[in-house]
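S.K.: Any chance you could fold what I've pasted below:
(one chain, ligands or ions: 1)
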Amino acid sequence: MLKIANIVGARPNFMKIAPIHRRMQASETFAPLLVHTGQHYDKKMSQTFFVELGMPEPDMYLGVGSGSHAVQTASVMIAMEKILLDEKPNWILVVGDVNSTLAASLAAAKLHIPIAHVEAGLRSFDRAMPEEINRVLTDSISDLLFVTEQSGLENLKKEGIPDDKVRFVGNVMIDSLVEHLQKAKESQILQELEIMPKRYTLMTLHRPSNVDDKNNLENILTTLEVIEKELPIIFPIHPRTKKRIDEFGLAKKVANMKNLRLVEPLGYLPFLHLMSESKLLLTDSGGIQEETTYLRVPCLTLRKNTERPVTAEIGTNRLVGMDRKAILKGFEDAMNGYFKDSKIPPLWDGHASERILETLAKQ
Ligand code: UD1
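M.R.: Have a look, this model is predicted:
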């Protein structure tokens with residue numbers, strides 16, 4: 001049996017690990033351990049997802065919580081090293097690009113435990129993003145790199161990662177989406193919010209570059225003043241963003257927009273349902289660019305770059321940055337049904353986790 005420590009830490013990790021961990025549990029080849037670093041700890045940022053995705057309680061919970069980048073990364077490393085020494089897994093498997101991804105990988109590499117990185121090779125080429133540092137460093141010490149899109153293969157080749165470590169397997173986040181889409185339709189979230197399908201915009205915002213800078217945050221809010229007059233905006237608010245709105249004295253500006261509707265962070269199923277019925281997404285999230293591409297819902301990404309270029313090349317994603325004109329043009333195009341034709345990227349078919357298990361089983 002291959003003992004694999006599957007690592008999760010923050011919200012976008014849960015839906016990526018869920019299909020992998022479940023398949024490993026059902027297989028006779030694998031003995032998976034589920035390790036939660038505790039980077040995200042609020043019920044609405046963590047536990048809700050475990051329940052909705054049918055994941056078991058973590059076998060180990062490190063409880064590291066929030067902190068500066070160094071504190072958070074170091075705390076995960078210290079706690080992870082102990083677990084790896086006690087459990088001696090054959091592999092650790094990490095997903096995505098959060099601080100827990102890099103910290104767990106560093107702890108494993110120093111103990112000569114091989115690392116499988118799922119969602120490898122994505123690059124924004126923007127080193128000011130903490131996630132970009134996490135991606136580059138995690139990939140550089142990984143032993144198996146599972147890639148979601150063509151750009152990942154090219155980036156890893158340029159960085160000198162040998163081809164035999166790299167596999168193009170598709171997208172595990174889409175595995176979860178495909179599996180849960182039907183169930184998500186049972187959600188009553190539209191009724192609860194008293195909104196109609198295709199008659200609202202859905203927005204998420206949490207990138208430090210957008211929300212930790214008062215000017216940027218204020219500018220985005222000013223642009224929303226135009227949009228909310230035409231279409232209600234549902235805004236499940238990330239704890240980081242909520243804090244900043246209060247700190248920067250922007251709460252009144254927000255409250256004055258009657259159609260900008262702030263709600264608590266939503267669970268996976270209600271959010272998936274809201275996304276699939278939305279006229280348009282406004283977001284700075286990475287995962288949502290992929291999910292809307294699969295769902296063929298127009299998405300305006302409030303960033304200058306994306307590490308997921310396939311979503312903009314053939315999917316429904318359009319990069320608009322912080323540019324007021326570009327955001328409003330994108331909004332008008334979506335309202336008029338004038339958004340580009342789109343395709344679903346290769347191997348985003350709901351079977352990526354099977355390919356990952358097949359590869360690991362051969363190691
Ligand atoms: C992290 C990831 C980011 C990912 C995002 C998804 C890193 C560097 N960033 O950013 O890539 O897109 O998760 O949400 O790993 N907080 C709570 N409750 C929680 C967790 C956080 O209130 O359960 C608050 C705390 O004030 C904390 C802040 O949110 O200081 C930021 O949390 P942190 O985990 O540091 O980064 P995120 O912004 O969530």
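
S.K.: Convert stretch 202-213 to CSV, retaining C-alpha atoms only.
M.R.: The C-alpha trace of stretch 202-213 is given here as CSV (Å, rounded to 0.1, in the frame of the first residue of the first chain):
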residue,chain,number,x,y,z
LEU,A,202,-21.8,37.5,-8.8
MET,A,203,-18.6,39.0,-7.4
THR,A,204,-15.6,37.8,-5.3
LEU,A,205,-12.6,39.9,-4.3
HIS,A,206,-9.8,39.0,-2.0
ARG,A,207,-6.4,39.4,-3.7
PRO,A,208,-4.0,41.5,-1.5
SER,A,209,-3.2,43.7,-4.6
ASN,A,210,-6.8,44.6,-5.0
VAL,A,211,-8.1,44.8,-1.4
ASP,A,212,-5.0,45.8,0.7
ASP,A,213,-4.6,49.0,-1.3
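
S.K.: Next, the buried residues of stretch 202-213.
M.R.: Across stretch 202-213, burial judged by 16 or more other CB atoms under 10 Å covers 202-207, 209-212. (C-beta placed from N, C-alpha, C; glycine too.)

S.K.: try stretch 23-32
M.R.: For stretch 23-32, a neighbour-count test (16+ other CB under 10 Å) marks 23-24, 30, 32 as buried.

S.K.: Which of these sits closest to residue 277?
M.R.: Nearest to residue 277 out of the buried residues of stretch 23-32 is residue 23 (CB to CB; 29.3 Å).

S.K.: got CSV for the buried residues of stretch 23-32, with distance to the ligand and pLDDT too?
M.R.: Converted to CSV, the buried residues of stretch 23-32 look like this (distance: CB to the nearest ligand atom, whole Å; pLDDT from 0 to 100):
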residue, distance to the ligand, pLDDT
23, 24, 98
24, 24, 98
30, 27, 98
32, 23, 98
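
S.K.: quick one on the thing from earlier: could you restrict the buried residues of stretch 202-213 to the ones contacting the ligand?
M.R.: With CB under 6 Å from any ligand atom as the criterion, the buried residues of stretch 202-213 include residue 206 near the ligand.

S.K.: which ones among the buried residues of stretch 202-213 are found in helices?
M.R.: In this view, the buried residues of stretch 202-213 that belong to helices under DSSP state H are 209-211.

S.K.: Closest one of those residues to the ligand?
M.R.: For those, the residue nearest the ligand by CB to the nearest ligand atom is residue 211; the value is 8.5 Å.

S.K.: could you list every residue that touches the closest one?
M.R.: Residue 211 makes contact with 205, 217, 238, 240-241, 244, according to CB atoms under 8 Å, 6 or more residues apart in numbering.

S.K.: now it: how far from residue 128?
M.R.: Residue 211 sits 14 Å away from residue 128, going by CB to CB, to the nearest Å.

S.K.: same thing with residue 188?
M.R.: Distance of residue 188 to residue 128, given as CB to CB: 40 Å.

S.K.: what does the stretch 101-250 of the chain have sitting close to the ligand?
M.R.: With CB under 6 Å from any ligand atom as the criterion, the stretch 101-250 of the chain meets the ligand at residues 130-131, 206, 238-240.

S.K.: can you do 8 Å?
M.R.: Taking CB under 8 Å from any ligand atom as the contact definition, the stretch 101-250 of the chain meets the ligand at 101, 130-131, 134, 206-208, 238-240, 243.

S.K.: Any of the residues you listed buried? List them.
M.R.: Neighbour counting with 16+ other CB under 10 Å marks 101, 130-131, 134, 206-207, 238 as buried within these.

S.K.: Phi and psi next, for residue 5.
M.R.: phi -90, psi 110 (degrees, to the nearest 10).

S.K.: mind checking pLDDT for it?
M.R.: pLDDT for residue 5: 99.

S.K.: Run a quick check on it versus residue 88, I expect a contact.
M.R.: No. At 9.7 Å, residue 5 and residue 88 do not qualify as touching, with contact defined as CB atoms under 8 Å.

S.K.: Near the closest residue to residue 340 other than its chain neighbours, how many other residues are there?
M.R.: Computed as CB to CB, 6 or more residues apart in numbering, the closest residue to residue 340 that is not its neighbour in sequence is residue 316, at 7.3 Å. Residue 316 is flanked by 25 other residues according to other CB atoms under 10 Å.
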